[in-house]
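J.: give me coordinates for this.
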Amino acid sequence: PALNLQYNALRGPIPKQLFHLTNLQTLSFRNNRLSGSLPSGPELGRMASTLEGLEAQTNLLSGPIPTQMGLLTRMTSIQMNSLR
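T.: Just a heads-up that it's a prediction; the model follows:
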């Protein structure tokens, strides 16, 4: 399953509830106006066994890439250009 939220003019921080959708294989929220940092800790860990693709580019996100991204062992595609 995939969740495509791209080009929706979403604003504010990335809702942590998105990372409770543990059956997702692809999560895309690119080309919005989301701000803050990428979730880390248990939020990413919940998706470790299923998430294969993450598209977060072209937002207003900042901060480091969370070390928990290393837990996403099925990940084959990450697009996070334009992070500040």
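J.: switch to C-alpha atoms for all contacts and neighbour counts from now on
T.: Will do.
J.: run through the helices of the protein in chain order.
T.: Assigned by DSSP state H, the helices in the chain fall at 42-45.
J.: quick check: the closest residue in space to Q57 that isn't next to it in sequence vs G53, distance?
T.: Nearest residue to Q57, sequence neighbours excluded (CA to CA, 6 or more residues apart in numbering): M80, at 4.4 Å. Plainly put, M80 is 11 Å away from G53 if you go by CA to CA, to the nearest Å.
J.: between the two, which is the more surrounded one?
T.: G53 (19 against 15; other CA atoms under 10 Å).
J.: contact partners for that one?
T.: Residues counted as contacts of G53 (CA atoms under 8 Å, 6 or more residues apart in numbering) are 25-28, 75-78.
J.: what pLDDT does it get?
T.: pLDDT for G53: 96.
J.: look up how far L3 lies from it.
T.: 10 Å.
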